[in-house]
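Novice: need coordinates for the following:
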Amino acid sequence: MKQFWAIYKFEFKNYVKNKGFLIVTILLVAAAAVVLSLPRLGEMIGSSDSQAEQQAAGTEEKSEILLSAASLEEAEKAAAYFNQALTDTRFTPVDEDEASLKKEIEAGAYSDAVMLTGDLSYTRITANVSMYDTLDSRLKSAILNYYRQTAMEELGVSEADANKILTTQVECSLVQTGDGKNQMENFFYTYILIFALYMAILLYGQFVATSVATEKSTRAMELLITSTKPKNLMFGKVFGAGSAGLAQFVLIFGTCYLFYNLNASYFQDDWIVQSIFNMPLSILMYAILFLVLGFFLYAFLYGALASLVSRMEELSSAVMPVTFLFIIAFLVVVYSMNSGNVDSVLMKACSFIPFTSPMSMFVRIAMGQVAGWEIALSVLILVVSTIAIGFLAAGIYRMGVLIYGKAPTPVEMIKMLKNNRKRA
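Specialist: As a prediction, this is how the structure comes out:
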């Protein structure tokens, strides 16, 4: 146990003292603090320049649009309504035909011209249509409401009653039964946590592989293996890297949670931010659980494969099968999330396969319907598989010390492990 703790402390300190680790952590923490404080900072800057903003708002010009209809009287009536409905534009009623309107637009005096050709039809004349042009959609809505109001007035409904009818909103309250999930509300924080889990496992698994391959290529592994048991070396490396990754994860997400609560009043109308930070505590606990177990599982695999290479140049090709397996699991989960079918047969099967369950089961817990026994069984299989792969990785690590040149095939590795066990 002393050997394990010595290796664990050494590996953990190597990560937390690494300049790259510190720079990335500081940048992410600072970015989270700044982004979540932007509304407060904007208000502070805005209050200092309030007078200038008020003056600018007072002098801001609205876009002017010519409005023509069957008669000037009809154009004036419609323009009065449109000026109230579309407050960022100014409609000027005119009695001109299409040719005259085109000349006005070509002269550059006005940005657009609209000619009402019927109760629910119009012709728009303009020089340029920008990529983010929204005038047509807003104008269609205004014309539809204007037609409805006019029709109701002709039927004897007063203007006030017509406006009340047109502006009435439908109220809805949603009641969910049992342990139902609202996938739309849960999607954003689930996606962020899944992506964080994906990056952490992939990144720190590669760190473990690089550390093992470096020791192998420099022959340092041969010296370590003579004074320390292989399982202490392997478990110490993996636990050291895992602790550093978990500390980084908690620090970054803890900063996000802290600054969100400090500025929560500024995000009351932002439903996306609200949905991200209003996640249940149980979801966060499950995320940490599957992050830790998933990391250990893949880190042991990365470490075992890295111990078989003789040079650093061979590392990427050696760990490629494990990387591809993890990426495929991630893509399956993301596809299921985007389709909304997180309880499909494929996702249910992946929830009990150790290599895919860290992400699949977590997504089903966050966005789907999962029985308690399913969660317990999935975690049990993952824990047992992780421990088994950990001891298997330690055996491969011990065997890899003496292997140089071409890496053995899986069948050859199994035979060598059996021979080592018989000798032991």
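
Novice: please enumerate the strands of the stretch 151-300 of the chain.
Specialist: Using DSSP state E, counting those that start in this stretch, no strands are found in the stretch 151-300 of the chain.

Novice: now do the helices in it.
Specialist: 159-167, 183-217, 220-227, 230-262, 271-277, 281-306 (DSSP state H, counting those that start in this stretch).

Novice: number of nearby residues for residue 132?
Specialist: 5 (other C-beta atoms under 10 Å). The way it works is simple: take the backbone N, C-alpha and C, and place the C-beta from them, glycine included.

Novice: just the buried positions in stretch 98-110, please.
Specialist: 101, 104-105, 110 (16 or more other C-beta atoms under 10 Å).

Novice: and of those, the nearest to residue 32?
Specialist: residue 110 (46.7 Å; C-beta to C-beta).

Novice: just checking, the closest one is part of a strand?
Specialist: No: the assignment for residue 110, made by DSSP: H, G, I helix; E, B strand; the rest coil, is coil rather than a strand.

Novice: hang on, it packs against residue 64?
Specialist: Yes: if you go by C-beta atoms under 8 Å, residue 110 and residue 64 touch, sitting 5.3 Å apart.

Novice: spit out the residues that contact those two alike.
Specialist: Shared contacts of residue 110 and residue 64, defined by C-beta atoms under 8 Å, 6 or more residues apart in numbering, comprise residue 92.

Novice: which secondary structure elements does whichever helix or strand residue 84 is part of contact?
Specialist: Secondary structure from DSSP states H and E places residue 84 in helix 72-85. For helix 72-85, the packing partners by 3 or more C-beta pairs under 8 Å, 6 or more residues apart in numbering; DSSP states H and E come out as strand 63-68, strand 89-94, strand 112-118, helix 135-154.

Novice: what's the closest of the ones you listed to residue 343?
Specialist: Across the helices and strands packed on helix 72-85, closest to residue 343 is helix 135-154 (C-beta to C-beta), at 36.7 Å.

Novice: okay, buried residues for the closest one please.
Specialist: Neighbour count says helix 135-154 has 135, 139, 142-143, 145-146, 149-150, 152 buried, by 16+ other C-beta under 10 Å.

Novice: tell me which two of the residues you listed sit farthest apart.
Specialist: The distance between the two most remote of these (C-beta to C-beta) is 25.8 Å, for 135 and 152.

Novice: touching, residue 359 and residue 196? I think so.
Specialist: No: look at residue 359 against residue 196 with C-beta under 8 Å: they stay out of range, at 11.0 Å.

Novice: pick out whichever of those two has more residues nearby.
Specialist: residue 359 (28 against 15).

Novice: leaving out chain neighbours, which residue sits closest to the more buried one?
Specialist: Using C-beta to C-beta, 6 or more residues apart in numbering and skipping residues adjacent in sequence, the residue nearest residue 359 is residue 333, 4.6 Å away.

Novice: next up, the contacts around the spatially most central residue of the chain.
Specialist: In the chain, the C-alpha nearest the mean C-alpha coordinate belongs to residue 192, at 3.7 Å (C-alpha atoms, centre = their mean). For residue 192, the contacting residues are residue 276, by C-beta under 8 Å, 6+ apart.

Novice: could you measure from it over to residue 30?
Specialist: Note on residue 192: its distance to residue 30, by C-beta to C-beta, to the nearest Å, is 18 Å.

Novice: and for the nearest residue to residue 93 once chain neighbours are set aside, the neighbour number?
Specialist: Spatially, and ignoring its direct neighbours in sequence, residue 93 is nearest to residue 75 (3.8 Å; C-beta to C-beta, 6+ apart). Residue 75 has 23 neighbours, counted by other C-beta under 10 Å.

Novice: swap in residue 186?
Specialist: When neighbours are defined as other C-beta under 10 Å, residue 186 has 23 of them.

Novice: list the buried residues in stretch 382-401.
Specialist: Those would be 382, 385-386, 389-390, 392-401, for stretch 382-401 by 16+ other C-beta under 10 Å.

Novice: again, but for stretch 246-261
Specialist: Counting neighbours by 16+ other C-beta under 10 Å, the buried set in stretch 246-261 is 246, 248-249, 252-253, 255-257, 259-260.
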